[in-house]
Each structure stands twice: as structure tokens, then as C-alpha cells.
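> Generate coordinates for the sequence data below:
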Amino acid sequence: MIRGLWNRETVAAVLLAAHLPIVVMWIAYGGADTLFRFGLAALVIGIWHLVFLLVRAQAPSLSAVLAALSIAILMPEDLGTLRAALGISFGIVMGELVFGGWGRNVVHPATVALSFLGFGFPAFGWPAFDAPVAWAVVPAALIGMGTGVMPGGVIAGAVIVGAAAGVFGVLPVPVLHVGALVLVLLVADPVTSAATRGGRWLEGALYGALLILFATGWTGAAPVQIAVAAALLASLAAPLLDEAALALWIARRRRRHGRT
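Model prediction:
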């Protein structure tokens, strides 16, 4: 792409295009309820973007659509309008807008919203996904990595750990499917993922390891709940993983050249 065209909104637009295969399959297999869930999430997020536009002159962004889609796809079912709006509001405000908007946030706002909904309303069930919806992550990931808006190291690290776990039968198939969805929708976010090459590989591997840990040790948890918890912890660990990757690079450089 021509230099100068890459900015926050073009990255968000390309990322939205990469998510389209997942969205199409989700709507095809989910029916009319999917449109209501997305409409509610988009409305609540749009209102908060407008509030911050008026109060802080903070421009709205296409990232609102990305967050609305991720929340609508993964949030618990039958929450009702009020509960869903409360969780979405908490996620978009505390996870993104208070930091200055998308591009400055630490954790994906959808991850914050879904974590809040899971802990706040544990009696409601999480959605299940048909296999075609999960397989739609393959073209989505290829588009994202091919255009450079998704960190390939994060996806590769998670795929290696997940594939090994699948071969040895450690991860159930539903957890693998949902883990792949959450990987593309939440973990492989260009803003909140690790910034260094080594840190990205480590973050992806950590996400896969957390999936295994929670799937084997968290009794009664739904696959979406397991994957969202793993995504939250992996995102929070991203700065530390970057520091570890930089420390390793400095140590190798010192051994090779005798100086930093």
C-alpha cells in the first residue's frame, strides 16, 4: 500500500474486511438473533463514542464496529437488553475510551466486556458454534496476516501449541474451535498484542498454553469462557513478554559483540 495511506482508520477497515468470513458464517448459522445482538452492541458503543466525541473531542472510529462484532459473536446468550448494555458499556469505556480510543488501549475492549459479563452474570450460558463458523477463521487469519494487520507471530505461536494439544488429545474440539475464533477476533489485535517479534510468538504460545490449562483444570467452564479468560491474561502479559524478548536480544548481542 502507498506510504501515507496507513493510519488508524485504514488499519481498522482492513481488519474489518479480514473478519468478514467469520461474520458471514456467524450470521448464516445464527439466524436473526445475530443481527439483534450486533445491533444492540453497535448502538451502545455508538452512544459512548458520541459521548466521548462531545466531552473530549475524541473522534469516533471504525474500531467501534470491530468491538461490536466481537462482543455480539461471543457474549453470553439471553442476557436481556439491560445486562448486555451494562457489560458492553463497561468494556468500551474502561477498556478503550478512557485510554484515548483505539490505538492507545491496553486490552481489547471486547475482551474487557466479555470478562465483565462472564463474572457479573455467571448464570447465563455462553454460545456454541457450528464447525463452519470456526473454520472461517482460516481465511480471516490469512487475510489479516497477508495485509499485515494481524500479527503473524501471535497466530503462529498459538497454532503450534494448539496443534500439539490437539494431536495429543489435550484440548476438546469445541475448545479448539472457540479458541481459534477468539485468537483471530481478540488476541491477534494489532494494538493490544505484543510489539516485538519474539514477544508475539511468546504471546501466542502463552494463549495456547492457557487454553490447555483452563480446559483441563477449570471444571464446568464453557469453551468461550475458557478462551476469553486466556485472551485476557495473554493480553495483560504482552508488555512483560516484550520485555523478555528485548532482554534476550540484548543478551545475545552482548555475547556476540561484547556490548549492547
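
> The helix or strand where residue 10 lies - contacts with which helices or strands?
For residue 10, the element it lies in under DSSP states H and E is helix 8-30. Packing partners of helix 8-30 (3 or more Cβ pairs under 8 Å, 6 or more residues apart in numbering; DSSP states H and E): helix 32-56, helix 63-74, helix 131-135, helix 137-147. To be clear about C-beta, it is placed using only N, CA and C from the backbone, and glycine gets the same treatment.

> which of those is buried the deepest?
Greatest average neighbour count among these goes to helix 63-74 (a mean of 25), per mean count of other Cβ atoms under 10 Å.

> what is the orientation angle of it with helix 32-56?
Orientation of helix 63-74 against helix 32-56 (axes from the mean of the first three to the mean of the last three Cα atoms, to 10 degrees) gives an angle of 150 degrees.

> what separates helix 63-74 from the chain centre, distance-wise?
Taking Cα atoms, centre = their mean, to the nearest Å, one finds the center of helix 63-74 at 10 Å from the center of the full chain.

> Extract the CA atoms of the helix or strand following it and return them as PDB.
Downstream of helix 63-74, the first helix or strand assigned by DSSP H and E is helix 81-95. Provided in PDB are the C-alpha atoms of helix 81-95 (Å, rounded to 0.1, in the frame of the first residue of the first chain):
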ATOM      1  CA  THR A  81     -31.000  -5.700  26.900                       C
ATOM      2  CA  LEU A  82     -30.100  -4.100  30.200                       C
ATOM      3  CA  ARG A  83     -27.500  -6.600  31.300                       C
ATOM      4  CA  ALA A  84     -25.900  -6.700  27.800                       C
ATOM      5  CA  ALA A  85     -25.800  -2.900  27.600                       C
ATOM      6  CA  LEU A  86     -24.200  -2.700  31.000                       C
ATOM      7  CA  GLY A  87     -21.400  -5.100  30.100                       C
ATOM      8  CA  ILE A  88     -20.800  -3.600  26.700                       C
ATOM      9  CA  SER A  89     -20.700  -0.100  28.300                       C
ATOM     10  CA  PHE A  90     -18.100  -1.200  30.900                       C
ATOM     11  CA  GLY A  91     -15.900  -2.800  28.200                       C
ATOM     12  CA  ILE A  92     -15.900   0.000  25.700                       C
ATOM     13  CA  VAL A  93     -15.400   2.800  28.300                       C
ATOM     14  CA  MET A  94     -13.000   1.100  30.700                       C
ATOM     15  CA  GLY A  95     -11.200  -0.900  28.000                       C
END
